[in-house]
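# When you get a sec, could you give me coordinates for this:
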Amino acid sequence: MEKSFIERMKKSLLELKTEIVSNLVASNEDFKEIVEGMDPKDLADIASDDMDRKMIEALGSQELKRLKLIDSALTRIEQGKYGQCMKCGKRIPQDRLEAIPYALMCIDCKTADERRNR
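Numbers count the residues shown, from 1 in each chain. Modelled structure (predicted):
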């Protein structure tokens, strides 16, 4: 996979992460108090900090799941494994990664996984 594409995806992932944290700060008083009580940092770093019980409650399960997927994708970029299906090891198409930059699986494996979970 091209280095420029991976760098673009990394930037996109960091922007998504910052957006999630910013939205949570704007919409949730408990989360806002936690963030304001921390040392001044980049918003993306705040999401990576060890979250206490209050922060997890403030996040909500969907946003917490997205943050974990984003962190996982950023880790795979650092390890040189970004864009590989976690199930079959094949390359995930760039179109899929552009639509869902934190995708874990190729379309075939994701479809099979969803069918099993119905």
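# Remind me which helix or strand the most centrally placed residue in the chain belongs to.
Nearest to the geometric centre of the chain sits residue 70, at 1.4 Å (Cα atoms, centre = their mean). Element membership for residue 70, per DSSP states H and E: helix 61-79.
# Show me which parts of that helix are buried, residue by residue.
63, 64, 66, 67, 69, 70, 71, 73, 74, 76, 77 (16 or more other Cβ atoms under 10 Å). (Glycine included, C-beta is placed from N, CA and C.)
# ok, back up a step: in this structure the residue nearest to the centre of the chain contacts residue 16, no?
Yes: using Cβ atoms under 8 Å, residue 70 makes contact with residue 16 at a distance of 5.8 Å.
# need the longest helix for this structure.
In the chain, ranked by residue count with DSSP state H as the criterion, the top helix is helix 3-27.
# Which strands and helices lie in contact with that helix?
Secondary structure elements in contact with helix 3-27, counted by 3 or more Cβ pairs under 8 Å, 6 or more residues apart in numbering; DSSP states H and E, are helix 29-36, helix 43-48, helix 61-79, helix 94-99.
# Average pLDDT for the last one, rounded please.
For helix 94-99, the mean pLDDT works out to 95.
# I'd like to know which elements it is packed against.
Using 3+ Cβ pairs under 8 Å, 6+ apart, helix 94-99 is in contact with helix 3-27.
# Return the residues in contact with the closest residue to residue 10 other than its chain neighbours.
Of all residues beyond its chain neighbours, the one nearest residue 10 is residue 77 (5.3 Å), with distances taken as Cβ to Cβ, 6 or more residues apart in numbering. Residues in contact with residue 77, defined by Cβ atoms under 8 Å, 6 or more residues apart in numbering, are 6, 9, 10, 13.
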